[in-house]
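Asker: Sharing a model that was predicted from the sequence below.
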Amino acid sequence: KKVGRMDAKVMPADKQMVLLASMQAKAFMELYCTIADTQRENLWHFYRKNSVLVWNGTPITGAAVIKDSLQKLPGTKHQIDSLDAQPIIRNLGTKHTALLVTSTGRIKYGVKKPVHFHQSFVLERNPDKADDDSAFYILSQTFRYRNPPHRSQFVRR
C-alpha cells in the first residue's frame, strides 16, 4: 500500500437507498412548505386525480377537490420540527418507486397562535416523468392537529 492513500469505501445499497430517500424527503418538504406558505394556488401540482388527503379525519379525493379545500385555508407559515423518510421497496434489487415521509411541526394560520401537527405522505414516482428519478406526486397524505402533552403529565409526584 502507498502511504497516505485512502481505500474507497462503498456504501451498501440498502444504506444508499435510505440516504437517497432522506434527501428526497427533505427536498420535498422544503418545496411543499414553501409553496403552501407562499403560492398555495400552485400546491395542487403535487397531487393527481387518484390522490387522497385525509385532513383531521376527513378524506378528500382528487387533485381538483384537494385544491379547492386547501384554497379555503387562511395564509400559513409552516415550521417543521422533525422529518423522517423510508423508501418503499416493491422489488428487491430495484430502486424504490415510492417514499413514506412523516413530519411534525407547527403551523400558523394568519395571526393566530401556531398549532402543532403531524402529517405523513406516501409519495409515488410521477408516471408522466418516468425519466426523472426525483419527480414524485402525493398519492396519499394525512394531516392531523395534535396537542402536545402537558409537561405535568410526565412529572412524578
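Answerer: Done, it's in. Numbering: from 1, shown residues only.

Asker: buried set for stretch 65-77?
Answerer: 66-67, 70 (16 or more other Cβ atoms under 10 Å). C-beta coordinates here come from the backbone N, C-alpha and C atoms, glycine included.

Asker: what's the answer for stretch 26-42, then?
Answerer: 28-29, 32-33, 35-36, 40.

Asker: Between these, which sits nearest Phe136?
Answerer: Phe28 (6.7 Å; Cβ to Cβ).

Asker: Can you classify the closest one as helix, strand or coil?
Answerer: helix (DSSP: H, G, I helix; E, B strand; the rest coil).

Asker: I'd guessed it sits against Ile138; true?
Answerer: No. Here Phe28 does not reach Ile138: they are 9.1 Å apart, not a contact under Cβ atoms under 8 Å.

Asker: what touches both of the two?
Answerer: 121, 123 (Cβ atoms under 8 Å, 6 or more residues apart in numbering).

Asker: Helices along the chain, start to end?
Answerer: Ranges of helices in the chain, per DSSP state H, are 13-38, 63-71.

Asker: what's the first-to-last distance across stretch 58-68?
Answerer: 14 Å (Cα to Cα, to the nearest Å).

Asker: Can you name the residues bridging to the residue nearest the centre of the chain?
Answerer: Centroid check for the chain by Cα atoms, centre = their mean gives Val101 as the closest residue, at 4.4 Å. Counting by DSSP bridges, Val101 is bridged to Ala85, Phe121.
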